[in-house]
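**Student:** mind folding the following:
(chains A and B)
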Amino acid sequence: MSRTSAEWNDAPKLPVTHYVNSKIYTDEELHQEEVAKIFNKVWLIACHESEIPNAFDYRTFLHPCGRSIVVMRGEDMTVRSFYNICSHRGNTLLQNPSGNAKTITCVFHHWSYNTKGNCIDIPRERAGYGSRVCKEDVGLREVRTAVAYGGFVWVNVDDRCESLEQFIGKAFEDMEVELSYPMEVFHYHQAVIDTNYKLWHDTNRELYHDYMHYHNRLTGLTQKGYFNRVFHTYPNGHVQLDSMEIQYQAYTGKQRTLAWPGSAEACHKLIDIFPGTTYILRAPSFRVDTMTPLGANRVLIEFRGLGVKAEAADERAERLKEHNSLWGPFGLNLHEDLLANQLQTRAMLGGIENNYVLHGREENMTTHDEIGMRHYYAEWGRRVGRMPHDPFGKPVAVAA
Amino acid sequence: MSLDRSISELVYRSCALLDEMDFPGYLELCAPGFRYKIVAYSPELGKQMVWKDVDKEEMKHHLELVPRHVRDNSTLTRFPTVFTISYSDDGKNANVVSGLQVFKTKLDGGETKLFGVARMSDVVSVERDTVKLLSREVRMETRQLGIGSQIPF
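**Tutor:** Numbering: from 1, shown residues only, chains lettered A, B, ... in the order given. The predicted structure is shown next:
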């Protein structure tokens, strides 16, 4: 039966943990709070170490706080990160997304820095500043950096943050073996989507939407063992889903036999890290998604396809082909997910009446249980200090 | 009709047939040994990426699957411009370089925006009066394609 306006605005007859108010996906002010209370406090992936293999290699990354960060490998091969901002007049130091630079020299007034972030030259320093400004006082702003969990470079702009190991906890324990093999990125593309970053991450946290994917219906949903998979939750909002064997032959007529080292053929493993990182191993392909919100209704998603370093050319070609067929910009599945998120945002932007988004499926934590999202929003509420089902109601205690 | 014109028309027709989602018609223009590739240089990785690399059978399979998947109901309109045509010494093959602009038009409201630009390098077989696509490499200039496209360029 269709509903009147009053009925439509009634809260769902579910526990308040099992739905959210759609304004958490569309409100710009709330989004600014999320940046301050979440993104400026947590560890985020900036790039992969294979993108900066040599001394003096660098890679830039747009942090959700709006600043460009440069990740550099020093002469000592240590990876460090800095704001990509000259200490002098706030100019962007490195324009290109990647490169190799023994020193970073600002094009504007030629202030120079080394890979440790030390200022090493100020043209006509003494003539202009005397002893009032000296190189030692104007180094770059360093950002905490760690390389871990498959060779990814993680950064945190909060100097007082917990360690990456504390933040992650045991969330990667199901992929420890797979991630122990040296990896390299063979595929990278960005997508700027008119949607909220959480809607994208929601999609990565639930498999109920397999109904949308023709591929997933055939290779997973209708296959033995699919509904036996169990979600596991970890502190700080992370989740992991048990593996299953994907039946590729139901879609392409041929099963995939190339495995990822340390795991079963055609396995499907999924780990979601709060607030927006996903590792998906669907052997032979391995994909890692990261994202930078550009506002409440716009997100930059970075997609990386990974292979095993120094693997045989035919194996790499097989991973690449499988990756591209579903997850590349011309693939069949990724398009479906991104389209769905865009359509969600289109529907939610009306903003005249409340509508609630349900995360209420309970199936003993198995495949179609929406615990992945409920766990996420519990953490979101804890950090933002608002209740996801009533974000503009009485504030709740904020996480330390 | 001159050979140059036949070859140009082959390029234009191949794009028009994809626009119309006439996949069997598109495949008809391809020789049995047809190979299709999309590549893009990534300044982020500092290397060339392969975004699609399929033979004719794999392309056929992909195109047959498109209608079974959920997809954006916008249309793509491809505008190729043939830049150069050169021939092998034996005259059996032609190398064609074209520029390509692809526009996307929303079904709801009809707004059109530029979707992507690329360079196409085709090898065309020339036998008597028949021309067929032997290979096509689409070198993407645009790398940010939003939700992407299930139908290749």
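**Student:** dump the helix or strand hosting residue A:341 to CSV, restricted to CA.
**Tutor:** Residue A:341 belongs to helix A:333-348 when elements are defined using DSSP states H and E. Below are the C-alpha coordinates for helix A:333-348, written out as CSV (Å, rounded to 0.1, in the frame of the first residue of the first chain):
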residue,chain,number,x,y,z
ASN,A,333,30.1,-4.5,-12.9
LEU,A,334,31.7,-1.3,-11.7
HIS,A,335,29.5,0.8,-13.9
GLU,A,336,26.4,-0.8,-12.2
ASP,A,337,27.6,0.0,-8.7
LEU,A,338,28.5,3.6,-9.5
LEU,A,339,25.3,4.1,-11.4
ALA,A,340,23.3,2.9,-8.4
ASN,A,341,25.0,5.3,-6.0
GLN,A,342,24.4,8.2,-8.4
LEU,A,343,20.8,7.3,-8.6
GLN,A,344,20.5,7.1,-4.8
THR,A,345,21.9,10.6,-4.5
ARG,A,346,19.6,11.9,-7.2
ALA,A,347,16.6,10.6,-5.2
MET,A,348,17.8,11.9,-1.8
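**Student:** what's in contact with it?
**Tutor:** Here helix A:333-348 makes contact (CB atoms under 8 Å, 6 or more residues apart in numbering or on different chains) with A:22, A:25-26, A:191, A:193-196, A:199-200, A:203, A:209, A:212-213, A:215-216, A:297, A:301, A:303, A:326-328, A:355, B:69-72, B:146-150. The C-beta positions use only the backbone N, C-alpha and C, and glycine is treated the same way.
**Student:** please repeat the previous calculation with a cut-off of 7 Å.
**Tutor:** A:22, A:25-26, A:191, A:193-196, A:199-200, A:203, A:212-213, A:215, A:297, A:326-327, B:69-72, B:147-150 (CB atoms under 7 Å, 6 or more residues apart in numbering or on different chains).
**Student:** what does stretch B:7-15 give?
**Tutor:** B:26, B:29, B:78, B:80, B:82, B:85, B:94, B:96, B:98, B:122, B:124, B:131, B:133.
**Student:** now render the residues you listed as TSV, adding pLDDT.
**Tutor:** Output for those, formatted as TSV (pLDDT from 0 to 100):
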residue	pLDDT
B:26	98
B:29	98
B:78	98
B:80	98
B:82	98
B:85	98
B:94	98
B:96	98
B:98	98
B:122	98
B:124	98
B:131	97
B:133	98
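**Student:** filter these down to the buried ones, ChimeraX style.
**Tutor:** Filtering the contacts of stretch B:7-15 down to the buried ones (16 or more other CB atoms under 10 Å in any protein chain shown) takes a single ChimeraX command:
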select /B:26,29,78,80,82,85,94,96,98,122,124,131,133
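**Student:** chain A: which of the contacts of stretch B:7-15 is nearest?
**Tutor:** residue B:78 (13.7 Å; CB to the nearest CB).
**Student:** what's the longest strand in chain B?
**Tutor:** In chain B, assigned by DSSP state E, the strand with the most residues is strand B:112-127.
**Student:** what residues of it count as buried?
**Tutor:** B:115-116, B:118, B:120, B:122-126.
**Student:** just stretch A:366-375 next, same as before
**Tutor:** A:366-375.
**Student:** which residues does it contact?
**Tutor:** Contact partners of stretch A:366-375, identified using CB under 7 Å, 6+ apart, comprise A:17-18, A:202, A:205-208, A:226-231, A:233, A:237, A:239, A:272, A:359-363, A:365.
**Student:** apply 6 Å and report the result again.
**Tutor:** The list of residues contacting stretch A:366-375 from outside it, by CB atoms under 6 Å, 6 or more residues apart in numbering or on different chains, reads A:17, A:202, A:205-208, A:227, A:229-231, A:233, A:239, A:359, A:361-363, A:365.
**Student:** how far does it sit from the chain's center?
**Tutor:** 19 Å (CA atoms, centre = their mean, to the nearest Å).
**Student:** what does stretch A:204-216 give?
**Tutor:** On the basis of CA atoms, centre = their mean, stretch A:204-216 is displaced by 19 Å from the centre of the chain it belongs to.
**Student:** what about chain B, any weak spots by pLDDT?
**Tutor:** Scanning chain B for pLDDT under 70 picks out B:1.
**Student:** all helices of it, in order?
**Tutor:** For chain B, the helices defined by DSSP state H occupy B:3-19, B:23-28, B:56-65.
**Student:** report the angle between the last one and helix B:3-19.
**Tutor:** Interaxial angle, helix B:56-65 versus helix B:3-19 (axes from the mean of the first three to the mean of the last three CA atoms, to 10 degrees): 40 degrees.
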